[in-house]
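Asks: The following comprises the amino acid sequence and a computationally predicted model.
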Amino acid sequence: MGNELAGRCPVCQAGFRGTVICSRCGGNLKPLMVLAATAWRLRQAARKAIFAGNYLNAQCLAQQAQSLQASPLGRRLQLLSGWLIEHFNESPAKKSKGREAANGSEIEERDKKEVIDATNGPQAVA
């Protein structure tokens, strides 16, 4: 489903009004609403996976959501998870040694803040 048609009846292009039947043409909107809700749940699960440090799972979930219902924010979530995989997906042994050496709680809080900043809009990367 294209982003420009999200939230619109595929028959007459009327906007969704919170009912499963289109108020203008009577078309059944339930399948589209189910897809939109499923995509939303997948994006929520991707966000939770990012905060849990499971970037590969986050990327997979974000891609599934985008394939059901593409959106600009969904695309940003997909890009963020890919960037996190590229920059932070280290082996557990290497990661734990680095965190022990540099006071792990400070690094972990900074990582969480970077994820939050990245999901709130374009930020300058230092």
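Replies: Ah, there it is.

Asks: Which secondary structure element of this structure has the lowest mean pLDDT?
Replies: helix 92-101 (a mean of 47; mean pLDDT, DSSP states H and E).

Asks: Quick check: the gap between the closest residue to residue 63 other than its chain neighbours and residue 62.
Replies: Spatial nearest neighbour of residue 63, excluding adjacent residues (Cβ to Cβ, 6 or more residues apart in numbering): residue 78 at 6.0 Å. Yep, even glycine has a C-beta here, placed from its N, CA and C like the rest. The gap separating residue 78 from residue 62 is 4 Å, by Cβ to Cβ, to the nearest Å.

Asks: The two: who's more crowded?
Replies: residue 62 (27 against 22; other Cβ atoms under 10 Å).

Asks: Which elements pack onto the helix or strand containing that one?
Replies: Assigned by DSSP states H and E, residue 62 belongs to helix 55-68. Helix 55-68 sits against helix 30-51, helix 72-88, with contacts defined as 3 or more Cβ pairs under 8 Å, 6 or more residues apart in numbering; DSSP states H and E.

Asks: now those in a markdown table, with distance to residue 15 and mean pLDDT?
Replies: Below are the helices and strands packed on helix 55-68 laid out as a markdown table (distance: least, Cβ to Cβ, whole Å; pLDDT from 0 to 100):
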| stretch | distance to residue 15 | mean pLDDT |
| --- | --- | --- |
| helix 30-51 | 12 | 94 |
| helix 72-88 | 18 | 93 |
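
Asks: can these go into JSON lines with extra columns for distance to residue 18?
Replies: Rendered in JSON lines, the data for the helices and strands packed on helix 55-68 read as follows (distance: least, Cβ to Cβ, whole Å):
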{"stretch": "helix 30-51", "distance to residue 18": "9"}
{"stretch": "helix 72-88", "distance to residue 18": "21"}
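
Asks: on that earlier part again, for residue 33, see how far away the residue nearest to residue 63 is.
Replies: Relative to residue 33, and taking Cβ to Cβ, residue 78 is found at 22 Å.
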